[in-house]
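Undergrad: Sequence first, then the predicted structure:
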Amino acid sequence: MPQPPRFIAPGGYDPVKAKQRVRHIVRALRRWDPDRRTWLHYKTPFQLLVATIMSAQTTDEMVNKVTPVLFERYPDAQRLAQADPADVEKIIRSTGFYRQKTKSVIGAARKIVDDFGGKVPLTMAELTQVPGAARKTANVVLANVAPRPKSDHGIFVDTHINRVSQRLGLTRYDDPVKVERDLMELLPENAWVDVPHQLIQLGRHFCKARGPNHADCPLLRWCPTGQAELSPAPTSRRAGGAKRRSTAKPAARRRSAGGTSRGGPRST
Ligand code: SF4
């Protein structure tokens with residue numbers, strides 16, 4: 001039995017209205033958090049693959065703490081393929097599930113050395129043969145190192161993207177594979193890299209599972225859930241309670257931290 005969506009927007013999913021809204025959503029996301037890419041630190045496609053495999057069940061920040069040591073000792077597939085598992089386990093222990101992750105990253109390195117000449121393959125069919133690289137991982141890697149048309153990646157869907165897409169009325173499903181399909185139908189191909197990353201950022205800062213901050217969200221104007229929950233109708237309830245407007249904005253934060261990202265006016 002298909003699982004009903006948990007965060008479905010009021011009025012359900014309407015593909016025609018979703019198509020009309022999505023252009024505005026893409027523009028607003030790009031103004032709010034321009035040129036967004038992965039938060040994982042890497043220098044080569046192989047390093048991104050390893051970091052992405054290790055990011056399961058932990059934060060990117062935690063992975064970024066261990067990868068400098070890991071990549072200094074094992075910078076490429078050839079070196080990691082010959083690694084002593086006990087040494088790798090010791091380095092990545094703090095990321096959790098370190099035994100399984102060690103098996104996966106060494107297994108991935110060996111597969112890449114044995115079957116792909118030491119280089120990460122850039123097709124979905126090949127990359128998903130690599131241990132630890134299911135479709136979501138392959139989508140993250142390919143989108144960041146070989147964006148379309150250089151590869152045939154789709155749109156990765158994690159728990160944030162799943163929830164935010166439902167609330168925005170961009171999908172009728174709760175299953176990541178089906179959510180990806182709906183998003184691929186709606187979003188232009190040139191938005192398949194930055195928009196998923198921006199939706200994650202939005203999910204972390206505004207569209208949290210509990211207590212979404214509709215009032216400050218840069219997508220409020222195009223979001224059926226936010227609009228309905230902030231509606232002045234006497235019978236409507238504000239889910240999670242609207243919070244006071246803040247200036248939290250990644251571009252602004254990066255600028256204040258000395259970053260170089262471009263900013264833009266708030267869309268709401
Ligand atoms: S307006 Fe609310 S429900 Fe809609 S995307 Fe923003 S935080 Fe999420």
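TA: Nice, thanks for sending it over. Numbers count the residues shown, from 1 in each chain.

Undergrad: number of nearby residues for whichever residue of the stretch 51-200 of the chain sits closest to the ligand?
TA: As assessed by CB to the nearest ligand atom, the ligand sits closest to residue 167 within the stretch 51-200 of the chain, at 3.9 Å. Any C-beta I mention is one placed from the backbone N, CA and C, and that applies to glycine too. Close neighbours of residue 167, defined as other CB atoms under 10 Å, add up to 25.

Undergrad: which residues does it contact?
TA: When contacts are counted by CB atoms under 8 Å, 6 or more residues apart in numbering, residue 167 touches 7-9, 207, 212, 223-226.

Undergrad: Is the residue nearest to it when sequence neighbours are not counted in a helix, a strand, or coil?
TA: Nearest residue to residue 167, sequence neighbours excluded (CB to CB, 6 or more residues apart in numbering): residue 225, at 4.1 Å. Of the three states, residue 225 takes helix under DSSP: H, G, I helix; E, B strand; the rest coil.

Undergrad: Residue 225 and residue 11 touch, don't they?
TA: No: at 9.5 Å, residue 225 does not count as touching residue 11 under the criterion of CB atoms under 8 Å.

Undergrad: returning to that earlier point: show the contacting residues for the residue nearest to residue 167.
TA: When contacts are counted by CB under 8 Å, 6+ apart, residue 225 touches 7, 9-10, 167-169, 212, 214.

Undergrad: and it, how far is that from the ligand?
TA: Residue 225 sits 4 Å away from the ligand when distances are taken as CB to the nearest ligand atom, to the nearest Å.

Undergrad: Distance of that residue relative to residue 88?
TA: Residue 225 is 43 Å from residue 88, where distance means CB to CB, to the nearest Å.

Undergrad: Counting neighbours, which of the contacts of residue 225 comes out on top?
TA: Greatest neighbour count in the contacts of residue 225, by other CB under 10 Å, goes to residue 212: 27 neighbours.

Undergrad: can you pull the contacts of the residue nearest to residue 48 when sequence neighbours are not counted?
TA: In space, residue 48 comes closest to residue 42 once its chain neighbours are excluded; the distance is 4.0 Å by CB to CB, 6+ apart. By CB under 8 Å, 6+ apart, residue 42 lies in contact with 48, 51, 67, 71.

Undergrad: Can you find the residue of the stretch 151-268 of the chain that comes nearest to the ligand?
TA: Using CB to the nearest ligand atom, residue 226 is the residue of the stretch 151-268 of the chain that sits closest to the ligand, at 2.5 Å.

Undergrad: how close does that residue get to residue 119?
TA: On the measure of CB to CB, residue 226 and residue 119 end up 44 Å apart.

Undergrad: More neighbours: those two, which one.
TA: Neighbours per residue (other CB under 10 Å) separate residue 226 from residue 119, with residue 226 holding more: 25 against 13.

Undergrad: So the more buried one sits against residue 213, correct?
TA: No: with contacts counted by CB under 8 Å, residue 226 stays clear of residue 213, the gap being 9.3 Å.

Undergrad: Okay, helices next: where are they in the stretch 101-250 of the chain?
TA: Assigned by DSSP state H, counting those that start in this stretch, the helices in the stretch 101-250 of the chain fall at 124-127, 135-145, 159-167, 176-186, 194-205, 224-229, 250-256.

Undergrad: Make a markdown table from the ones you listed and add distance to residue 92 and mean pLDDT to it.
TA: Putting the helices of the stretch 101-250 of the chain into a markdown table (distance: least, CB to CB, whole Å; pLDDT from 0 to 100) gives the following:
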| stretch | distance to residue 92 | mean pLDDT |
| --- | --- | --- |
| helix 124-127 | 21 | 98 |
| helix 135-145 | 16 | 97 |
| helix 159-167 | 22 | 97 |
| helix 176-186 | 25 | 97 |
| helix 194-205 | 22 | 97 |
| helix 224-229 | 38 | 95 |
| helix 250-256 | 28 | 45 |
